[in-house]
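**Student:** sequence and predicted structure are below.
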Amino acid sequence: MLENTLDKCRVPDVLTRWELGDPCVEACLKESEERPVYRIKADAGCYVLKGYSCDMPEETIRSNVQAHLFLGNEKGLAPAICRTKAGEDYISEQGYWFYLMEYVEGRRMDETPEDEFRLGQAARELHSLQGYGIRTPFTQSKQRYYEWFRDRDFAKEFDAILDAIPDFEKLDQCFVHTDLGPHNAMIRSDGKVIFIDLDDSGIGSRFLDLGWPFIMQFVDFNHDTEEMSYRFDLAESFLRGYYGDDGVSREEYDLVFCGAEQMHISYMQTYGPYAVDSLWKILNFGIAQKEELWNRLQNRRLMEILAAHYGIADASVELLRDGGGQTYIVTADAKYLLKVIGDAFAETARQSAAVMRYLEENDFPVPKTILTKDGDAILEEVINGEKKLVVLMEFLEGDEPEMTASAAEVGELVGRLHRLMDRYPTAPVSHGKDFFVGRYLDCLRRKNYPRLAEYEELGERLWERVKDLPQGICHGDLHRGNLIRTADGKIYLVDFDTVCRAPRMFDIMVMCDMTDYFNLKPEDIDETKQVYRDFLTGYRKHHELSLREEGSFSDWVAIRHYQLQATILEIHGIDCINEQFIDWQLYWLNKWEETADFAGSEDAKTGE
């Protein structure tokens, strides 16, 4: 094949167009009738001669050469173009286009974490380049792919994947390679990373460029067994090289993976019809690794923070829950709870940390806050490209106490809490009618709920009875799930993210309400009354409560439904409940008002 190609192209005749001393073909680097590549040895050193059949439009060869001139001759990140004796960047000879480049002395990059890290760094530099104006020949639109597999069983699923991919033409455009992997990069003898094979390079979407390896390369596919695995180590290293210690934001990460999906799809017809089913499996397997890779990125960054700022090395990190922030279980020499909070909840987190430190200093049973090496209770860090607050505390092993047996003990705990918070030096956010009742009514108005007037009348009636009750600093979410009884029998109170100034009876009601939120049953009302009575025997030991406050319990149960429904709709969207559900909640509230009587005496009803 080599001899035939040499005879056809008459390479020695071609080389006379350049000022080379005693040139000869040392090796054929790519045996191809359409795109032959040769290593040329001459007196001044080695070169690479790259040929393309003249069937290729001159516009394409010109684009390739311009990319080399920009990235190689101007920026030093690719092999430089060698001009001919006549000052030409490329020539047409014997039915081929040819251009000559410098030969890069060094080694091809390997699929190792170390090389992937360096490749990521080099890609970052590549994408930051300015001053190039020729678009990549690579088609960035996804539209053509919709017609590819209409006869396949997976056509509907394939379309759904395409539907979720954005229009990359509308996203960040920069100088891109379009085939970004170790196979197209070398480490020069001086340590510099050099990009090779710039055939489709030009201005395009960096997310398509970054996405290429995440399925095409990092999915390891065994062609004999069709077993697959994912090279998380390579993916993590590449991203770390590109984004640095701050990491990639979730928004960018999603775009990179969309780029990975489209780049893989663009190759699904390349290897013939018999390869399509295997490539479809690879695509789905790659997509399935997305969340696992994201979790690994998060965890690695958190482990770095734990080591650097808390002196906790060799820790494992496991996500416990995600909502308004992430909470992790950290296991090292001891067990910890790690909270990571975004900007939207930053002030709430600062307040929560301050309250817990205050309570801890006053010997109230809350989880101990673990301070940083600098003595800070809260740490500001950039995690995956976003500013976050980090709080570390001891992990409490235990269970939720059984409320019917522990009501008096819990009452004492809450009484102590309210007494201490009466002396808390900082005023938190205040919650009144709008928070407890108004937010839900606004939601119902937005839904054009036909029985809105009934909710409005009930809400006015309820709030009129509680509006003048004494206020204090409350926990704000004092449900039984925020109690932990440890093995030594001690009860701790946790989760101070919603501390607020409000009527204290709101806290008390949330803790003592034993009713089913969806189905009001007489036995639950009786249980709630007993728990409430027992709770008050403990609460009064540490904090006073007027008869009028005690008698407002049933009103607060109903108000809680307004408050909680509004919060649910704010989190999950106004359409997460339907009219039937809202009707049923109104039935529950009306039935509750008719049957529940927690006043205990006429004095409690009037406050006399």
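**Tutor:** That came in fine, so what should we check first?

**Student:** point to the residue nearest the middle of the protein.
**Tutor:** For the chain, the residue nearest the mean C-alpha position is Arg250 (3.5 Å; Cα atoms, centre = their mean).

**Student:** name all residues that make contact with it.
**Tutor:** Going by Cβ atoms under 8 Å, 6 or more residues apart in numbering, Arg250 touches 294, 384, 386. The way it works is simple: take the backbone N, C-alpha and C, and place the C-beta from them, glycine included.

**Student:** tell me the contacts of the first one?
**Tutor:** Meaning Trp294. Trp294 is in contact with 250, 253, counting by Cβ under 8 Å, 6+ apart.

**Student:** apart from its neighbours in sequence, what residue is nearest Met421?
**Tutor:** Nearest non-adjacent residue to Met421, counting by Cβ to Cβ, 6 or more residues apart in numbering: Ile473, 3.8 Å away.

**Student:** and the pLDDT at Asp246?
**Tutor:** With respect to pLDDT, Asp246 scores 84.

**Student:** surely it meets Val382?
**Tutor:** Yes. Using Cβ atoms under 8 Å, Asp246 is in contact with Val382, at 4.3 Å.

**Student:** determine how far the helix or strand where Ala67 lies lies from the middle of the whole chain.
**Tutor:** Taking DSSP states H and E as the definition, Ala67 sits inside helix 58-68. Relative to its chain's centre, helix 58-68 lies at 39 Å (Cα atoms, centre = their mean, to the nearest Å).

**Student:** what's the following helix or strand after it?
**Tutor:** Note on helix 58-68: by DSSP H and E, the next helix or strand toward the C-terminus is strand 81-82.

**Student:** what are the contacting residues of that following strand?
**Tutor:** For strand 81-82, contacts defined as Cβ under 8 Å, 6+ apart pick out 18, 47, 65, 68-69, 72-73, 89, 99-102.

**Student:** give me the low-pLDDT residue ranges for this protein?
**Tutor:** Low-confidence segments of the chain, defined by pLDDT under 70: 1-9, 598-608.

**Student:** just to revisit the earlier point, so which of the contacts of Arg250 sit within strands?
**Tutor:** Members of the contacts of Arg250 lying in strands (criterion: DSSP state E): Glu386.

**Student:** which one of the contacts of Arg250 sits closest to Gly342?
**Tutor:** Gly342 lies nearest to Glu386 out of the contacts of Arg250, by Cβ to Cβ, at 6.4 Å.

**Student:** so that closest one sits against Val340, correct?
**Tutor:** No. If you go by Cβ under 8 Å, Glu386 and Val340 don't touch, sitting 9.9 Å apart.

**Student:** which one of the two has more residues nearby?
**Tutor:** Val340 (24 against 16; other Cβ atoms under 10 Å).

**Student:** helix/strand/coil for the more buried one?
**Tutor:** Per DSSP: H, G, I helix; E, B strand; the rest coil, the secondary structure class of Val340 is strand.

**Student:** any idea how far Ile161 is from the closest residue to it other than its chain neighbours?
**Tutor:** Spatial nearest neighbour of Val340, excluding adjacent residues (Cβ to Cβ, 6+ apart): Gln326 at 4.6 Å. Relative to Ile161, Gln326 is positioned 27 Å away (Cβ to Cβ, to the nearest Å).

**Student:** how about Leu462?
**Tutor:** 50 Å.

**Student:** those two: who's more crowded?
**Tutor:** Leu462 (24 against 19).

**Student:** correct me if wrong: that one contacts Ile559.
**Tutor:** Yes. At 5.4 Å, Leu462 and Ile559 qualify as touching, with contact defined as Cβ under 8 Å.

**Student:** which neighbours do these two share?
**Tutor:** Contacts common to Leu462 and Ile559, judged by Cβ under 8 Å, 6+ apart, are Val437.

**Student:** that older thread, got a list of contacts for the helix holding Ala67?
**Tutor:** 52, 78-81, 89-90, 92, 97, 99, 101, 132, 134, 137, 198-199, 201-202.

**Student:** hmm, 7 Å instead?
**Tutor:** 52, 78-79, 81, 89-90, 97, 99, 101, 134, 137, 198-199, 201-202 (Cβ atoms under 7 Å, 6 or more residues apart in numbering).

**Student:** list the buried ones in stretch 322-339?
**Tutor:** For stretch 322-339, the neighbour count (16 or more other Cβ atoms under 10 Å) marks 325-328, 330, 332, 336-339 as buried.

**Student:** I misspoke; the intended subject was stretch 514-525.
**Tutor:** Going by neighbour count (16+ other Cβ under 10 Å), the buried part of stretch 514-525 is 514-515, 520, 525.

**Student:** and the furthest pair within those?
**Tutor:** Using Cβ to Cβ, the two most remote members of these are Met514 and Leu520, lying 11.3 Å apart.

**Student:** end-to-end on stretch 286-294?
**Tutor:** Distance between the two ends of stretch 286-294: 13 Å, counting by Cα to Cα, to the nearest Å.

**Student:** give the buried residues for that stretch.
**Tutor:** Residues of stretch 286-294 classed as buried by neighbour count (16+ other Cβ under 10 Å): 286-287, 289-290, 293-294.

**Student:** and these as TSV, adding distance to Arg439?
**Tutor:** Below are the buried residues of stretch 286-294 laid out as TSV (distance: Cβ to Cβ, whole Å):
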residue	distance to Arg439
Gly286	43
Ile287	38
Gln289	40
Lys290	35
Leu293	38
Trp294	33
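
**Student:** and which of those is nearest to Phe214?
**Tutor:** Gly286 (6.7 Å).

**Student:** check contacts around the residue nearest to the closest one when sequence neighbours are not counted.
**Tutor:** Excluding the flanking residues, the one nearest Gly286 by Cβ to Cβ, 6+ apart is Ile215, at 3.5 Å. Going by Cβ under 7 Å, 6+ apart, Ile215 touches 260-261, 264, 282-283, 286.

**Student:** can you map out the strands along the stretch 251-400 of the chain?
**Tutor:** Along the stretch 251-400 of the chain, the stretches classed as strands by DSSP state E, counting those that start in this stretch are 316-322, 326-331, 335-342, 369-370, 379-383, 386-394, 398-399.

**Student:** now render the ones you listed as JSON lines, adding distance to Met356.
**Tutor:** Below are those laid out as JSON lines (distance: least, Cβ to Cβ, whole Å):
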{"stretch": "strand 316-322", "distance to Met356": "18"}
{"stretch": "strand 326-331", "distance to Met356": "14"}
{"stretch": "strand 335-342", "distance to Met356": "11"}
{"stretch": "strand 369-370", "distance to Met356": "6"}
{"stretch": "strand 379-383", "distance to Met356": "15"}
{"stretch": "strand 386-394", "distance to Met356": "7"}
{"stretch": "strand 398-399", "distance to Met356": "17"}
